Structure formats: structure tokens, C-alpha cells
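Trainee: Need a 3D model of the following:
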Amino acid sequence: MQTFLNTVVQEILATEQDLSKLRFILPSKRAGVFLKDILKSCITKTCILPKINSIEEFIKELSAINPIDTTTLLFEFYYIYKQHTPIQETDNFDQFSTWAGILLQDFNEIDRHLIDPGYIFSYLKDIKRLETLLKGKQKTDLIDKRLRFYEKLETYYVSLYNYLLEKKVGYQGLQYREAVDNIHLYCTNNTDTKLVFVGFNALNKAEEKIIQELLHNDIATIYWDIDSYYYNTHHNAAVFIKKYRENWKYYKNHPFQSLSNHFSSKKNINIIGTPKNISQIKYAGEILTTLKNTTQNYKDTALVLADESLLAPTLNSLPETVENANITMGYELKNVPIANLFETLFKLHSNSKQKKFYYKNLLAFVNHPVLKPLYGNTQLLEAINAKIASYNYPYISKSEIIKISETTAQDFECISFLLDDWKKNAHTAIDNTLKLIAALQEKTTPNDILTKEYLYRFYTIFQQLSNLNKQFGYITHIKTLFQFYKQLLHNEKLAFKGEPLSGLQILGMLETRVIDFKNLIITSANEGILPVGKSDNSFIPFDVKKEVGLPTYQEKDAIFSYHFFRLLQRAENIYLLYNTEADAYGSGEQSRFLTQLEIIKENEIEKIVVSPKVNKTTDEPKQLKKNKQLLDDLRQLAIKGFSPTTLTSYITNPFGFYKQRILHIRELKEVEETVAVNTLGTIIHKTLEALYMPYLGKFITKEALKSIQLKASDEIKKWFIKEYGTHITSGKNLLIYNVARQFVSNFLAQELSTIQQGKQLKIIALEYDLESSITIEGIPFPILLKGQVDRIDQIDGVTRIIDYKTGKVEQRNLIIKDWSLLTADTKYSKIFQVLFYALLYTQTNNIDLDAISLESGIISFKNLKSGFLKVNKKPITKDDLTQFTVQLKQLIQEIFELEKPILEKETNYS
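Mentor: Next up, the predicted model:
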């Protein structure tokens with residue numbers, strides 16, 4: 001295909017100029033590779049190739065200023081800032097770094113566009129003064145401080161500019177301003193070499209002035225890549241080039257180049273909507289498979305990622321037909337596994353409190369797969385994981401970690417230095433991360449070249465931070481270090497090595513400048529990505545930017561429009577994919593560029609929405625047929641004894657009963673960051689048992705209850721510490737602790753009120769273990785039933801079996817009319833439990849219900865006002881226990897019935 005670079009080279013060769021005296025200036029280094037290849041293919045005789053540079057390289061040479069990286073620039077700027085700001089108004093480095101980057105970007109734009117700094121900073125200062133005057137009495141110290149800040153902007157700018165100039169380093173804008181100052185000298189001294197500018201579009205004011213000066217002195221030519229359709233229809237893609245033709249003096253006396261006419265040719269355009277980003281990438285892979293038959297090793301084929309963060313899934317989704325691929329954008333270092341290791345390490349220290357680490361951060365760090373080669377054995381990890389949960393450490397110190405992993409303390413030394421307290425010591429933090437990198441390098445095998453490359457790149461990042469901090473000393477806190485680590489990491493990319501001119505080309509949108517492709521696939525063509533949209537962080541308001549000629553989002557939209565539509569000019573097969581789903585990366589709306597294209601190329605577009613095929617699956621409930629082994633296991637369980645909890649777990653879900661009681665599968669014990677419901681229940685049970693134990697078998701008096709009330713607070717605290725730990729000083733745990741105190745206090749007050757009414761209360765048993773056996777037809781062995789009653793007492797001669805509940809229970813939860821539902825519906829589980837206790841109590845104590853009044857029920861601490869909640873609001877009768885026994889035996893028969901499979905039941909927690 002005839003590309004733009006082909007056309008430029010052919011025109012130049014037709015003039016028979018001495019190529020060795022030409023110098024090509026291109027928008028990017030990437031374009032230079034293609035230009036050099038085209039030159040070699042078009043030149044038929046031996047000659048010296050012309051020099052090829054990117055615009056950045058040319059400006060660096062012209063300005064005689066070396067570029068400075070953004071992190072170093074921030075440190076240098078803070079040095080200037082402190083010199084010109086009163087101590088009482090100076091932000092610390094953490095605060096400074098939150099806004100300084102935005103201001104530096106403004107400085108950069110001011111210089112790139114040759115704005116008079118005195119004028120614009122005076123303009124901004126006057127605006128802020130007017131705003132302050134309009135505030136009137138609402139003016140505050142903060143407003144005054146902000147005004148003083150704007151008054152110093154020019155001082156900051158001039159001081160920084162001169163300081164960097166003296167060091168011969170600078171940000172891009174400074175390089176451009178100095179290059180403009182040097183252009184006359186360059187034109188005077190440069191008499192032999194002719195510059196050829198190729199493929200530029202949106203020039204900043206400095207570039208405009210430099211190129212115009214070179215054109216005026218007849219030592220440069222320029223080639224624009226613009227299609228006649230865009231130029232003649234007032235299309236946004238041509239806005240800059242039209243402006244240059246109309247405004248540049250050069251074109252008053254010189255003809256403008258001929259326009260290309262490729263866009264109007266017939267094209268195969270497909271606009272494809274897909275749900276989610278990953279679907280775009282998968283579908284792009286399918287497109288590449290279909291293109292295999294029409295291309296030779298994907299020559300002249302490009303996959304353009306408008307959202308470059310999708311590079312990783314793209315590489316994993318390339319079809320096998322892609323034998324060679326050239327990737328220009330680089331793989332972001334933040335996506336490699338080691339990046340996550342350091343992020344985990346920083347979070348570990350950032351979230352530490354009083355030299356103790358949050359357990360989730362600690363476990364995430366010590367279990368990180370990158371660290372595993374450092375451990376002598378896996379016992380260290382197993383010990384730490386298990387014991388942190390068993391000791392219930394939400395926060396844990398280094399000494400406590402060593403203590404719980406004492407059997408493997410020697411192995412722990414390999415990473416123990418990373419758990420030193422360096423939250424407020426950035427020097428130690430950097431040194432220890434470098435030490436960690438060295439340790440990982442020692443454990444990396446010689447053949448693992450990729451890991452070695454990763455480690456080296458992280459070494460350079462931390463070494464740069466170390467050098468900067470040794471020079472300036474501004475980073476004192478781990479959070480500041482983490483911030484700059486992320487900033488450096490964001491700019492670091494791993495370059496892919498390969499043959500740049502063969503195979504599939506995978507590029508970002510900016511890398512496509514000047515390059516043309518026959519087959520084109522563009523992903524993420526969504527509004528908000530292509531173009532980016534309004535994201536203009538700046539100290540300079542929009543109106544001021546328009547006034548002085550600084551670019552706004554409107555100019556950025558025009559730049560993206562040019563890049564997009566220029567790519568389409570010479571392409572023949574075009575596939576434009578966008579995400580139809582609304583998510584964090586886009587609105588789900590196709591780009592406005594696609595909508596424009598639908599209007600322009602209405603008859604050449606096929607538009608479809610695709611989605612991955614979803615196979616319908618039916619979720620059949622699990623079922624397990626019983627066999628002799630299972631029946632033997634159930635028999636062993638029955639010999640040990642069925643408790644009401646065991647039986648209600650079967651009622652709730654037979655399959656869950658099988659996993660827990662037969663297979664002994666338990667949920668892993670986890671750290672309780674806040675007191676769990678069951679732990680709160682245990683604490684209250686233990687507290688009441690301890691408080692009432694001295695009065696076992698005795699009648700409770702008013703004096704006894706008042707004595708119990710005095711001891712209650714200390715008893716709750718004791719059991720809190722014993723069952724949960726000492727973490728009850730703040731947050732939710734303190735609230736739950738106070739709730740427990742209130743529960744017990746309210747219960748004891750109710751007990752005292754009962755005594756004061758003249759009722760006699762006698763404690764018969766506390767946390768009382770009950771056991772009894774029953775025989776069931778068809779089961780050739782007795783079934784042991786067992787349970788533990790929270791409390792048995794007598795009140796005015798009526799025996800009560802009491803179960804404490806910390807949750808809310810109402811009387812309606814203890815009413816049953818249809819006894820067949822007792823073992824069929826889990827909402828009757830509370831009735832099942834207290835009747836179970838009543839049955840065991842009457843059997844073990846030979847209770848005659850005709851002679852003795854027995855009540856069984858619940859005291860709910862969240863519903864104390866309802867008092868003792870009895871089953872069916874009445875004493876237990878023989879008929880009640882007979883009905884219960886029938887249902888109990890049927891339930892146990894079902895458990896042992898060979899033909900009855902164990903079914904998974906859908907659990908309803910409502």
C-alpha cells in the first residue's frame with residue numbers, strides 16, 4: 001500500500017537532493033524506524049542515509065538543556081518553594097506534592113506556548129484579589145493564604161526557571177522556550193543541512209515559531225498528512241493544519257502542499273459493540289484469526305489499544321496464528337507480580353498502629369508468592385497463618401510474630417528485617433527494600449531472565465528514591481515514600497524486544513502518528529477514552545486559558561480527532577470495537593468519532609453488537625446415596641450423642657450436616673476483628689454462670705442480687721479478655737463491650753424486680769449437662785441424646801428450663817400448632833431446642849409432669865421486656881413431650897434410613 005511516508009520519500013528522491021545533507025524530524029522515534037526502512041527500500045544506489053530524529057531530540061539539541069524527570073523536578077521545586085515561602089505558611093513535603101505537580105504542568109504549558117509569565121501570573125493574581133474582595137466578611141485566613149500563594153506564583157516560576165537553567169536541566173517547556181531563543185543562532189550556523197518535518201499536526205507555539213523561522217530561512221520543508229475530505233468539510237481533524245496555512249507568513253509566498261485523497265475511497269468498516277473490556281480483546285483475537293488468510297504474517301496490520309491498560313489481557317488473547325508481534329507501548333511495570341509485593345509491603349507499614357501490623361496486611365505480605373523462595377520451609381507460613389487466627393490478633397507486633405512462630409524462628413530471619421518499625425523512617429524503608437531485592441536476586445535462578453529484569457528495574461526505582469532522599473531529605477514518612485514509589489512506577493515500562501517491522505503491530509494511539517496500515521483494529525473506542533474528555537487539572541481557569549492561547553480540552557479533542565481519522569485515511573479493512581457496558585473505564589457509549597463516521601460513511605459500515613455465548617446450566621441440588629460405611633459413621637455419631645444443634649443442622653441442610661458431622665469439614669478459623677455474635681453469646685453465658693455459681697442450690701435474695709450487680713462489670717471484662725482478647729478500647733468492639741454490659745445489667749435489674757415483687761427464685765443448675773437414651777424402631781442400637789442447659793431454676797415452685805439468647809426472640813417464635821412442621825421448617829428450631837432439653841430433663845430426673853409444673857423456654861436479651869418466653873405460653877405437658885418424641889424419632893429414622901439420600905437443601909436465612 002502507498003503510505004504517507006512512502007509518498008514523502010518518493011517526493012524527496014524526485015528532487016535528487018543529497019540525502020546525507022537532509023535531516024528528518026518526526027513526531028516520534030517509532031516513525032523513524034518505518035521511515036528508515038522505506039528509505040532503504042526506495043534508494044537504488046549507495047549513499048549515506050539522512051539523520052532521523054524525533055522532535056524531542058531536536059529540541060534538546062537546539063536548547064542545549066537536558067531533560068529532567070518529574071520526580072527529581074518535584075524535589076528541586078520544593079527546594080525553591082521553601083526559599084520563597086514564609087516558614088509559617090510552608091506546606092510539608094506531603095502536602096506540597098499533592099498540588100505541585102499540577103502547578104509544574106501549568107509552568108510547562110506556559111513555556112511550551114511562549115506565554116508571557118509576568119502577564120498571566122499578574123492576571124491570575126488580579127482574579128484572586130477580586131474574588132477575595134467579593135468574599136467581604138466571609139474572608140478567612142485560608143482565603144488570605146491562598147491569595148498570597150497566587151501572588152507568589154511568578155516568583156516560584158522565575159526562581160525555578162533560573163535555577164534549572166543554571167544546572168542545564170529542565171522540563172519540556174523550558175527546553176522549548178530556550179530552543180526558541182537559540183533558533184536564530186541555529187539558522188546562522190546551519191548552512192549545509194536541510195530539515196524535513198514530517199507528519200506534524202497540533203504544534204505548540206514554540207514549535208510553530210521554530211518551524212516558521214526555519215522555513216523562512218529556507219533550511220526546512222514540512223510535509224502535512226491531511227486528507228482533502230477533512231480539509232474541505234471543516235472537519236475537526238483539520239483544524240490545526242488549516243490554521244497554519246491561513247496564519248503562517250511562509251504560505252503567503254509559497255504554495256501549500258497537495259492534499260491526499262484516500263479517505264473517500266471505499267472501505268470495509270465494522271463497528272462492533274461488546275460487553276466489558278475483555279470481550280473486546282477476545283473478539284479482536286477472532287478478527288485477527290480471520291485476517292490471517294488475507295495477510296502475509298499480518299503485514300500492514302495493526303491492533304491499536306486506545307486504553308493501553310488492556311495490554312496484558314491482549315497479550316494473553318492473541319490467537320496462535322500470530323507468530324510475530326511488535327509491541328511499541330511497553331509493558332507497565334506496575335502490572336508485574338513484584339510490583340504487588342512492594343505495594344503490599346508499603347500498605348503493611350502504612351496501616352500499622354503502635355508498632356503493630358494489621359493482620360490482613362501481614363498475611364497478604366508473608367504469603368506473597370514472590371517471597372516463597374526466601375523461606376527455608378513452609379512451616380513458617382503455616383505457623384503464622386494458624387496462630388494469628390487462634391490467638392485472635394487483629395494487630396500483631398514483630399515480637400509476637402516471632403513468638404508464635406518460635407519453631408521456625410531461624411527461617412523467619414529472612415524477612416524479619418522488613419518488619420522493623422520504619423513507618424516514620426524512610427531511609428530505613430528504602431534500605432530494607434533494596435536489601436529485599438538483593439535477597440530475591442540471590443534466590444533467582446540464572447535461567448529466570450525475566451524475573452532478574454523485573455528486580456533490576458525495581459532496584460533502579462528504589463535507588464533513585466534513595467539518591468533523591470539523601471540529596472534533599474524530604475521523604476520522612478512511609479506514606480510519602482509510597483506516593484513517590486507509585487509515581488515512579490507509573491512512568492516505568494518494560495520495553496519489548498523484537499523485529500519492529502514484521503508481524504502484527506500492537507500500538508497505543510500516539511504511537512500511530514505518521515504510520516499507516518491496511519488492516520486496522522481499534523479497541524476501546526468509547527466516549528471518555530477516545531477522546532479522553534474533560535480532565536483538565538490546572539491552577540489556570542478555562543477562560544484565562546482561552547484568553548492567553550493555552551490549550552484546553554477542546555484542542556485536545558481536536559488532537560484525538562486527527563489521530564483517529566488520519567489512521568483511517570489509507571486503511572482498507574477497519575474494525576472499531578467499543579465497550580457497551582457502563583463501568584469505571586467508560587460510559588458504555590460509543591465514541592463521538594464513531595458516530596461521525598456512521599454519518600460520513602453510511603453505506604460502507606456494518607454495525608453489530610456481539611456478546612459471548614452463555615451456556616444455560618441447571619443447578620441441580622447435590623445428593624448423596626447412603627451406604628454401609630456412611631451408616632457406620634452415623635452410628636458412631638449416635639453413640640457419641642445427638643445434640644439439638646446437631647439435629648437442627650440436619651433439618652436446615654442435610655448435606656451441610658454430612659459435611660460438618662461426618663466429614664468433619666469446618667470453616668477455617670479467622671481473626672475476629674469485631675466480636676462475633678457467637679463470641680458475645682459465650683461471654684454473656686460465662687459471665688452469668690460465674691456470677692450465679694456461688695448461689696447454686698440457694699434462693700436468691702435482694703442482697704445477693706445487689707452483690708452480683710457490683711461484680712458484673714469486672715466479670716464481663718474478664719470474660720471479654722479471655723474469650724476475645726484485649727482489643728476492646730475503641731471502635732465497634734467497645735460498643736459491643738458496652739452492649740454486653742447493658743445486657744447483663746438489664747437482666748440483673750429484671751431479676752431484682754422479680755425478687756422485690758415477693759417471688760422466690762432458686763437456682764437449681766447452671767450450664768447443666770443432660771444425657772438420655774432412646775430406642776427407635778428399625779434402629780438396632782440405642783440413640784444417645786445430650787445437651788447443655790444454660791440455667792434451671794424454680795420460681796414460686798415452678799421449675800423453669802431456660803436458654804439464653806443474645807439475639808431477638810419473640811413469643812411467636814415459640815408457638816407451634818402443627819407438630820408435623822417441627823422437623824420440617826427451621827423456624828421452629830428454637831422450640832425444638834427447648835423441648836429437647838425438657839425431654840432430657842424429665843427422663844434423667846424421672847419428672848412426673850402431672851405432679852410437677854415444668855416450663856421450658858427462652859430469655860432473649862434483646863427482648864427482656866417480654867420476660868421468660870414459654871413454649872405455647874404454658875407449662876410443658878405429657879402430650880407436648882409425646883408429640884415432640886414422635887417427631888424426634890421420625891427425624892432420626894430419616895437420618896438412618898438407607899433408601900433416603902442425603903439431599904442439599906437451599907438455605908434460607910431470612
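Trainee: Can you report how many residues neighbour Ile608?
Mentor: Per other CB atoms under 10 Å, the neighbour tally for Ile608 reads 9. To be clear about C-beta, it is placed using only N, CA and C from the backbone, and glycine gets the same treatment.
Trainee: So it belongs to a helix, correct?
Mentor: No: counting by DSSP: H, G, I helix; E, B strand; the rest coil, Ile608 is not found in a helix; it is strand.
Trainee: distance of it from Lys40?
Mentor: 41 Å (CB to CB, to the nearest Å).
Trainee: quick one: the helices in the stretch 251-400 of the chain?
Mentor: 277-291, 311-317, 337-350, 359-366, 379-390, 398-404 (DSSP state H, counting those that start in this stretch).
Trainee: try the stretch 401-550 of the chain
Mentor: Using DSSP H, counting those that start in this stretch, helices in the stretch 401-550 of the chain cover 409-416, 426-443, 449-472, 478-491, 542-548.
Trainee: re the thing from before, turn the helices of the stretch 251-400 of the chain into a markdown table, including mean pLDDT and distance to Glu154.
Mentor: Formatted as a markdown table, the helices of the stretch 251-400 of the chain follow (pLDDT from 0 to 100; distance: least, CB to CB, whole Å):
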| stretch | mean pLDDT | distance to Glu154 |
| --- | --- | --- |
| helix 277-291 | 93 | 45 |
| helix 311-317 | 89 | 42 |
| helix 337-350 | 91 | 37 |
| helix 359-366 | 87 | 45 |
| helix 379-390 | 72 | 56 |
| helix 398-404 | 78 | 50 |
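Trainee: and of the ones you listed, who's closest to Tyr474?
Mentor: helix 337-350 (17.5 Å; CB to CB).
Trainee: In that closest one, which residues are buried?
Mentor: Ile338, Ala339, Leu341, Phe342, Glu343, Thr344, Leu345, Phe346, Lys347, Leu348, His349 (16 or more other CB atoms under 10 Å).
Trainee: Specify which member of those residues is nearest to Leu530.
Mentor: For these, the nearest to Leu530 is Ala339 (27.1 Å; CB to CB).
Trainee: show me what contacts that closest one?
Mentor: Residues in contact with Ala339 (CB atoms under 8 Å, 6 or more residues apart in numbering) are Leu333, Phe458, Leu489.
Trainee: Can I get those residues in CSV including neighbour count?
Mentor: Converted to CSV, the contacts of Ala339 look like this (neighbours: other CB atoms under 10 Å):
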residue, neighbour count
Leu333, 19
Phe458, 25
Leu489, 19
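Trainee: Which of the residues you listed lies at the shortest distance from Ser829?
Mentor: Nearest member of the contacts of Ala339 to Ser829, counting by CB to CB, is Leu489, at 54.0 Å.
Trainee: I figured that closest one hits Asn335, correct?
Mentor: No: contact criterion CB atoms under 8 Å: Leu489 and Asn335 do not qualify, at 10.0 Å.
Trainee: just to revisit the earlier point, got the helices of the stretch 251-400 of the chain as CSV, with distance to Thr132 columns?
Mentor: Output for those, formatted as CSV (distance: least, CB to CB, whole Å):
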stretch, distance to Thr132
helix 277-291, 46
helix 311-317, 48
helix 337-350, 37
helix 359-366, 45
helix 379-390, 55
helix 398-404, 52
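Trainee: So for Ile892, which of the ones you listed sits nearest?
Mentor: Among these, the nearest to Ile892 by CB to CB is helix 379-390 (34.8 Å).
Trainee: Helix 359-366 and the closest one, what's the angle between them?
Mentor: Helix 379-390 runs at 170 degrees relative to helix 359-366, counting by axes from the mean of the first three to the mean of the last three CA atoms, to 10 degrees.
Trainee: ok, Val8 - contacts?
Mentor: Val196, Val198, Tyr223.
Trainee: looking at this, the first one is in a strand?
Mentor: Yes: according to three-state DSSP, Val196 belongs to a strand.
Trainee: Could you find the closest non-adjacent residue to it?
Mentor: Distances taken as CB to CB, 6 or more residues apart in numbering put Phe24 closest to Val196, at 4.9 Å, once the chain neighbours are dropped.
Trainee: What is the helix or strand harbouring that neighbour packed up against?
Mentor: Using DSSP states H and E, the element containing Phe24 is strand 22-26. For strand 22-26, the packing partners by 3 or more CB pairs under 8 Å, 6 or more residues apart in numbering; DSSP states H and E come out as helix 29-42, strand 51-54, helix 55-63, strand 194-198.
Trainee: Try it again at 6 Å.
Mentor: Packed against strand 22-26 by the contact rule (3 or more CB pairs under 6 Å, 6 or more residues apart in numbering; DSSP states H and E) you find strand 51-54, strand 194-198.
Trainee: deepest of those strands, which one?
Mentor: Of these, the one with the most neighbours on average (mean count of other CB atoms under 10 Å) is strand 194-198, at a mean of 21.
Trainee: now it and strand 22-26, what's the angle there?
Mentor: Angle, strand 194-198 to strand 22-26, by the same axes, to 10 degrees: 30 degrees.
Trainee: tell me the mean pLDDT for strand 194-198?
Mentor: Mean pLDDT, strand 194-198: 96.
Trainee: try stretch 204-219
Mentor: 96.
Trainee: One more: stretch 92-103?
Mentor: Stretch 92-103 comes out at a mean pLDDT of 91.
Trainee: Just the C-alphas of it, formatted as PDB.
Mentor: C-alpha atoms of stretch 92-103 as PDB (Å, rounded to 0.1, in the frame of the first residue of the first chain):
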ATOM      1  CA  ASN A  92       5.300  20.000  54.400                       C
ATOM      2  CA  PHE A  93       6.500  17.800  51.500                       C
ATOM      3  CA  ASP A  94       3.500  15.500  51.700                       C
ATOM      4  CA  GLN A  95       1.100  18.500  51.300                       C
ATOM      5  CA  PHE A  96       3.300  20.100  48.700                       C
ATOM      6  CA  SER A  97       3.400  17.100  46.500                       C
ATOM      7  CA  THR A  98      -0.400  17.000  46.200                       C
ATOM      8  CA  TRP A  99      -0.600  20.200  44.300                       C
ATOM      9  CA  ALA A 100       3.000  20.900  43.000                       C
ATOM     10  CA  GLY A 101       2.700  18.500  40.100                       C
ATOM     11  CA  ILE A 102      -0.300  20.400  38.700                       C
ATOM     12  CA  LEU A 103       1.500  23.800  39.000                       C
END
